[in-house]
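*Asks:* The amino acid sequence is not available; the structure is as follows:
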Ligand code: MG
């Protein structure tokens, strides 16, 4: 399976990253399957970074094979949704960006993609109005709403599938809103869609 992630997909986050323009097309990057972290397993702070940031994101799971999917049909290509963290080694990312080099080591390292339990989108009244949030040690640190996405789920699926064949089980991290920040040893991260806790793990 493949993991796609979308960068710069909320205006509020772009602002905090001091981006002065918005992309006219989705910004895509990928993580390998070794980035997945599931079932509440702990995340071990890696030795190559002193600045691991959380980015809380809605994650959709592809449920059928597709290529060149039209936006109007894209909603048929996913049923399940959860919350995930796009862990980022911000210090490495800054360094790579400065050098104009690819980001992979900052974004796609082992366990950089924790995901929660999936729920069916049928449980969600309006896909364009999903509230989600991350709590760290019981305090809300980041909140978002899918209505603020620059590129909707359907637009993302249509765009990705022009370049990559989507397969059953592929995941798409759909971007982070404002409020990113660092994690420290012993932090407990809990991710919610509306009032439903889907993600719960610790930093070790
Ligand atoms: Mg992200």
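*Replies:* Sure thing, it's come through. All of these numbers come straight from a predicted model, not from anything done at the bench.
*Asks:* Not counting residues beside it along the chain, what's closest to the closest residue to the ion within the chain?
*Replies:* Residue of the chain nearest the ion, by C-beta to the ion: residue 86 (3.5 Å). (Each C-beta comes from the backbone N, C-alpha and C, glycine too.) Closest residue in space to residue 86, ignoring its immediate chain neighbours: residue 55 at 4.1 Å, by C-beta to C-beta, 6 or more residues apart in numbering.
*Asks:* Please verify my assumption that the one you found contacts residue 180.
*Replies:* Yes. Using C-beta atoms under 8 Å, residue 55 is in contact with residue 180, at 5.2 Å.
*Asks:* Now do the shared contacts for these two.
*Replies:* 13, 88 (C-beta atoms under 8 Å, 6 or more residues apart in numbering).
*Asks:* between those two, who's got more neighbours?
*Replies:* Taking other C-beta atoms under 10 Å, residue 55 and residue 180 do not tie; residue 55 has more neighbours (23 against 19).
*Asks:* per-residue confidence at that one?
*Replies:* Residue 55 carries a pLDDT value of 98.
*Asks:* and what of residue 23?
*Replies:* pLDDT for residue 23: 73.
*Asks:* Look at it and tell me its secondary structure.
*Replies:* Here residue 23 is recorded as coil under DSSP: H, G, I helix; E, B strand; the rest coil.
*Asks:* who touches the residue nearest to it when sequence neighbours are not counted in this structure?
*Replies:* Leaving aside its chain neighbours, residue 23 sits nearest to residue 8 (5.7 Å; criterion: C-beta to C-beta, 6+ apart). Residues in contact with residue 8 (C-beta under 8 Å, 6+ apart) are 14, 17, 19, 22, 23, 27, 150, 175.
*Asks:* Neighbour-wise, which one of the residues you listed leads?
*Replies:* Neighbour counts for the contacts of residue 8 (other C-beta under 10 Å) peak at residue 175, which has 26 neighbours.
*Asks:* That one touches residue 149, doesn't it?
*Replies:* Yes. Counting by C-beta under 8 Å, residue 175 does reach residue 149; the two are 6.6 Å apart.
*Asks:* Give me the residue at the spatial middle of the chain.
*Replies:* When C-alpha atoms, centre = their mean is applied to the chain, the residue found nearest the centroid is residue 173 (3.3 Å).
*Asks:* This completes my enquiry, with thanks.
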